[in-house]
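[1] return atomic coordinates for the entry below.
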Amino acid sequence: MKCIESNSMKCASFFAGVGGIDLGFDHAGFETIYANEIDKFAVETMRANFNFYIDHRDINEVQTSEIPDFDIMLAGFPCQAFSVAGYRQGFEDEKGRGNLYFELERIFSEKKPSVILLENVKNLVGHDNGNTFKVILESLKSHGYHVKYQVLNSCEYGNIPQNRERIYVVCFKDIEAYNKFSFPLPVQLDTSINDLLEDEKTIDKKYFYTEKTPFFSQLVEEIKDAKTLYQWRRQYVRANKSNMCPTLTANMGTGGHNVPLLNVQGHSNTIRKLTPRECFNFQGFPKNFILPKNTSNANLYKQAGNSVVVPVVERIALEIKKAIQVELESKNELQIA
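    Here you go, the predicted model:
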């Protein structure tokens, strides 16, 4: 990843996944110094791409005193408890994922970072008639944070042709920074699906469907448009006719919401699914982002589906940078002195 200036503000990342949020802030000139992630395969991918310290423990086991001081908290805290796929269980999620927000509260209440960025599925706002989100907002405000939030779609704010709506919550300790901050404006979508696909001649045969596929005849009947991405929805084929990639999910390839399908060559024997690399492309990761060769495709699909759209995060980070410019200049002056 790119070299960071020594005078940049320091970030600590929680539920870091493969580092998509960190990468967006990296591109904006910030520096991550600590990341926490429990999934060992995601950690392998992060370690292949970043040099910062990665703590592989369960966040419940991490003492605040063990975390280095930081200026900005980054957290894409587990969204399954709030998503449609996770049955909208919220804080009552039986696996405890909804309660993990309070581990973040434990940390930021002691570390008192200047800025907090939280990312989650858009359903977080409406869960339990808004009560779940209300608890989160009250928690942040009780610790002195001024909060702004907005749902952003990657096709409108990241120049990435994927229909992916996520809520971003940006919190400032400083009221002036809060007042200066605005979410980025929409940008024109000029990246096409084709721009993010690999060379068809290089695609391994394992990604193509054959007559041995149980629903192959239905795929052949429906998947014909070379410029459209499709989904197999358990019993029928769904075409995404807006020249958009459907929302990538963490359970791609494991049943239910499968990996998006396409047929670039237009023949009955050329129907295939997106490769893991292409899924990372549709999340806005650079082509030099390393996908470990020893990691299974199932895990790589999960990692891509769990991640953020990097250009959207980068644009938010740049707006945060503008808002805290006075604080950045103050840090620089102290270092020079």
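[2] for the rest of this, base every contact and every neighbour count on C-alpha atoms.
    Noted.
[3] okay, how far is it across stretch 234-241, tip to tip?
    This stretch, stretch 234-241, spans 19 Å end to end (C-alpha to C-alpha, to the nearest Å).
[4] may I see the buried residues of that stretch?
    Buried residues in stretch 234-241, defined by neighbour count with 16 or more other C-alpha atoms under 10 Å: 237-240.
[5] repeat for stretch 145-160
    Buried-residue list, stretch 145-160, by 16+ other C-alpha under 10 Å: 145-149, 151-160.
[6] and those residues, which of them are in strands?
    146-149, 151-153 (DSSP state E).
[7] farthest-separated two in those residues?
    146 and 153 (23.3 Å; C-alpha to C-alpha).
[8] what ranges do the helices span in the stretch 51-200 of the chain?
    Shown for the stretch 51-200 of the chain, the helices assigned by DSSP state H, counting those that start in this stretch span residues 101-111, 131-142, 154-157, 175-180.
[9] where does the stretch 1-150 of the chain have low pLDDT?
    Scanning the stretch 1-150 of the chain for pLDDT under 70 picks out 1-7, 79-98.
[10] ugh, wrong one, the stretch 201-337 of the chain
    Those would be 253, 255-257, 326-337, if you go by pLDDT under 70 across the stretch 201-337 of the chain.
[11] show me where it has strands.
    In the stretch 201-337 of the chain, the strands defined using DSSP state E, counting those that start in this stretch lie at 229-232, 237-240, 261-262, 272-273.
[12] of all the ones you listed, which one comes closest to residue 76?
    strand 229-232 (25.9 Å).
[13] what's the closest of the helices of the stretch 51-200 of the chain to residue 302?
    With C-alpha to C-alpha as the measure, helix 154-157 is the member of the helices of the stretch 51-200 of the chain nearest residue 302 (18.6 Å).
[14] kindly export that closest one (C-alpha atoms) in PDB.
    Extracted in PDB, the C-alpha atoms of helix 154-157 (Å, rounded to 0.1, in the frame of the first residue of the first chain):
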ATOM      1  CA  SER A 154     -21.700   2.900  -4.300                       C
ATOM      2  CA  CYS A 155     -23.100   3.400  -7.800                       C
ATOM      3  CA  GLU A 156     -23.900   7.100  -6.900                       C
ATOM      4  CA  TYR A 157     -21.000   8.000  -4.600                       C
END
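[15] how far off centre is that helix?
    Taking the mean of its C-alpha atoms, helix 154-157 sits 13 Å from the chain's own mean (C-alpha atoms, centre = their mean, to the nearest Å).
[16] what of stretch 71-78?
    The answer for stretch 71-78 is 11 Å, by C-alpha atoms, centre = their mean.
[17] end-to-end on it?
    OK, stretch 71-78 end separation, C-alpha to C-alpha: 22 Å.
[18] before we move on, what about stretch 139-152?
    23 Å.
[19] check stretch 292-309 too.
    20 Å.
[20] dump the residue contacts of the nearest residue in space to residue 68 that is not next to it in sequence.
    In space, and not counting its chain neighbours, residue 68 is closest to residue 34: 7.3 Å by C-alpha to C-alpha, 6 or more residues apart in numbering. Applying C-alpha atoms under 8 Å, 6 or more residues apart in numbering to residue 34 gives the contacts 11-13, 52-55, 67-68.
[21] what about residue 34, which SS state?
    Secondary structure, DSSP: H, G, I helix; E, B strand; the rest coil: residue 34 is strand.
[22] ok, longest helix in this structure?
    helix 310-323 (DSSP state H).
[23] could I get the CA-only coordinates of it as CSV?
    Taking Å, rounded to 0.1, in the frame of the first residue of the first chain, the C-alpha atoms of helix 310-323 are listed here in CSV:
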residue,chain,number,x,y,z
VAL,A,310,-13.2,1.5,-1.1
PRO,A,311,-13.8,4.7,-3.3
VAL,A,312,-16.9,5.6,-1.2
VAL,A,313,-14.9,5.4,2.0
GLU,A,314,-12.0,7.3,0.4
ARG,A,315,-14.4,10.2,-0.5
ILE,A,316,-15.8,10.3,3.1
ALA,A,317,-12.3,10.3,4.5
LEU,A,318,-11.3,13.2,2.3
GLU,A,319,-14.3,15.2,3.6
ILE,A,320,-13.3,14.3,7.2
LYS,A,321,-9.8,15.5,6.4
LYS,A,322,-11.2,18.9,5.2
ALA,A,323,-13.3,19.2,8.4
